[in-house]
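Enquirer: how would this look folded up:
(one chain, ligands or ions: 2)
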Amino acid sequence: MQLIADRWYVVLDSNELGRGEVLGRMRMGQELVFWRESSGKAFAARDRCPHRWTKLSNGKMVGDALQCPFHGFEFEGGGTCTKMPAHPERKISGAMSLTTLSLREAHGFIWIWTGPSEAPKGDPEFFDFSGYSASGSQLIVPVANSYTRAVENQLDMTHLPFVHAKSIGRFVKSPAMEVQTDVDGDVIRMKNSQSDVPGPEFWGPNIWRLKTGPIWQFLAFVPIDETHMQYYLRTYQPFATWEPAAWLIGKMTAASNDRVVGEDTPMVEGQPKGEVKLASGEVLVPSDGPIIAYRKWRKDKRREWPDWDKKASAPNDPPGDPPKEER
Ligand code: FES
Ligand SMILES: [Fe+2]
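Expert: Ligands and ions are numbered 1, 2, ... in the order given. Model prediction:
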């Protein structure tokens with residue numbers, strides 16, 4: 001799948017992966033396995049045991065090791081095989097290692113680095129939501145199209161009075177609007193000329209926010225594969241810090257967001273399946289400025305991700321011998 005090179009992608013909410021749990025999820029066009037040690041540290045790898053290629057996500061944690069369900073081989077977070085029950089005396093080959101991914105956990109999300117460069121040391125860039133609570137507000141909404149189509153839907157201001165005529169679009173004064181676009185590195189900001197307040201901000205490769213009054217709406221566009229994605233929506237509100245009240249406000253905003261996103265989904269799913277391209281044949285107009293900016297931003301940053309298959313071990317090593325690397 002084509003993804004933006006050398007960026008952190010949000011792939012999961014931290015709450016989806018408990019301590020001592022193993023989780024299999026399709027993300028970024030690949031079957032991935034996620035697991036979390038008792039210390040809380042999370043890991044991700046290709047969901048394929050190096051031995052006979054069954055899914056590790058059907059396995060379990062044994063202490064802090066991920067155990068394959070097929071023959072009980074165990075793997076540490078770094079990907080090293082530490083136990084081979086059929087051959088307890090044998091030295092374990094380096095080829096019996098997991099294809100691990102650079103993972104970071106920050107701001108209540110799990111992020112994966114696309115490379116090819118080494119992942120940077122610090123946390124992925126995020127917004128300063130200190131003083132705000134997103135408790136209870138999270139929604140996960142699947143959409144049957146590329147995440148790039150869903151991003152563009154959130155960069156599109158002129159659909160509001162039509163798609164959202166009965167909800168948020170009621171507040172748009174007129175469908176006629178000039179849309180100003182500002183590109184700053186990986187950030188695309190936009191503003192409708194009818195309004196004095198700033199419009200949404202897209203932060204490449206897959207997050208977005210919009211201030212509506214005192215609250216922030218937040219979206220992550222999580223790629224599943226080339227034709228499927230999930231929104232992870234949150235509302236960050238500054239009113240309530242007492243947890244039960246914050247949670248209740250979160251649930252109310254989630255119900256309203258669910259309705260609004262439900263209005264968008266038929267539009268996004270009604271577009272051709274697959275990632276957007278700069279020269280698509282669509283007839284774009286001036287108010288599509290943020291969409292054109294997004295397509296230009298993507299153009300030279302995409303790469304095919306991942307490139308794992310070179311690392312697979314040869315299938316015909318003599319019985320009992322560890323597989324040889326790179327045969
Ligand atoms: S397939 Fe995983 S241990 Fe054999
Ligand atoms: Fe919309």
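Enquirer: check contacts around the closest residue to D186 other than its chain neighbours.
Expert: Distances taken as C-beta to C-beta, 6 or more residues apart in numbering place G204 nearest to D186, at 3.8 Å, with adjacent residues excluded. Using the backbone N, CA and C atoms, a C-beta is placed for each residue, glycine as well. With contact set as C-beta atoms under 8 Å, 6 or more residues apart in numbering, G204 has these partners: 4, 7, 186-188, 297-298, 301.
Enquirer: Same question for E152.
Expert: E152 makes contact with 276, 291, 294, according to C-beta under 8 Å, 6+ apart.
Enquirer: change it to 6 Å
Expert: Residues near E152 by C-beta atoms under 6 Å, 6 or more residues apart in numbering: I291.
Enquirer: now it: how far from S193?
Expert: 20 Å (C-beta to C-beta, to the nearest Å).
Enquirer: In helices only, show me the contacts of G204.
Expert: 297-298 (DSSP state H).
Enquirer: what bridges to the nearest residue to R298 once chain neighbours are set aside?
Expert: Of all residues beyond its chain neighbours, the one nearest R298 is I4 (6.7 Å), with distances taken as C-beta to C-beta, 6+ apart. Bridge pairing for I4 (DSSP bridges) gives the partners R302.
Enquirer: Report how many residues lie close to I4.
Expert: Using other C-beta atoms under 10 Å, I4 has 19 other residues around it.
Enquirer: Show me which strand runs longest in the protein.
Expert: strand 215-225 (DSSP state E).
Enquirer: low pLDDT regions in this protein?
Expert: Confidence mapping of the chain against pLDDT under 70 gives the ranges 310-327.
Enquirer: near ligand 1, which residues of it?
Expert: Counting by C-beta under 6 Å from any ligand atom, the chain comes close to ligand 1 at 49, 51-52, 54, 68, 70-71, 73.
Enquirer: residue ranges for the helices of the stretch 201-327 of the chain, please.
Expert: For the stretch 201-327 of the chain, the helices defined by DSSP state H, counting those that start in this stretch occupy 243-269, 289-299.
Enquirer: Which residues outside the last one are in contact with it?
Expert: In this case it means helix 289-299. Residues contacting helix 289-299 (C-beta under 6 Å, 6+ apart): 152, 155, 179, 181, 183, 188, 190, 278.
Enquirer: Show me how far that helix is from its chain's centre.
Expert: 20 Å (C-alpha atoms, centre = their mean, to the nearest Å).
Enquirer: okay but L210 is in contact with L219, surely?
Expert: No: using C-beta atoms under 6 Å, L210 is not in contact with L219, being 8.4 Å away.
Enquirer: Between these two, tell me which one has more neighbours.
Expert: Set L210 next to L219 and count neighbours by other C-beta under 10 Å: L219 wins out with 24 against 17.
Enquirer: my guess is E118 is in a strand, correct?
Expert: No: looking at E118 with DSSP: H, G, I helix; E, B strand; the rest coil, it is coil, so not inside a strand.
Enquirer: With adjacent residues omitted, what lies nearest to it?
Expert: In space, E118 is closest to S102, 7.7 Å off (C-beta to C-beta, 6+ apart).
Enquirer: Please apply the same query to L103.
Expert: That would be A44: by C-beta to C-beta, 6+ apart, it lies 4.7 Å from L103.
Enquirer: Contact partners for that neighbour?
Expert: 32, 34, 101, 103.
Enquirer: What about those residues, which are in strands?
Expert: By the criterion of DSSP E, membership of the contacts of A44 in strands covers 32, 34, 103.
Enquirer: And this structure, what are its domain boundaries?
Expert: Residue ranges for the domains of the chain, per automatic domain parsing: 2-123, 139-303.
Enquirer: about what we covered before: look at the residue nearest to E118 and say how many residues are nearby.
Expert: Applying other C-beta under 10 Å, we find 14 other residues in the vicinity of S102.
Enquirer: measure M267 to S38 for me?
Expert: Taking C-beta to C-beta, one finds M267 at 45 Å from S38.
Enquirer: neighbour count winner among the two?
Expert: M267 (15 against 10).
Enquirer: what's the closest non-adjacent residue to that one?
Expert: Using C-beta to C-beta, 6+ apart, the nearest residue to M267 is V163, at 5.8 Å.
Enquirer: just checking, the one you found touches T265?
Expert: No: with contact defined as C-beta under 6 Å, V163 does not count as touching T265 (9.9 Å).
Enquirer: ok, so what distance separates the residue of the chain positioned farthest from its centre from K83?
Expert: When distances to the mean C-alpha position of the chain are computed (C-alpha atoms, centre = their mean), the maximum falls on E89, with 41.4 Å. For E89, the distance to K83 equals 12 Å [C-beta to C-beta].
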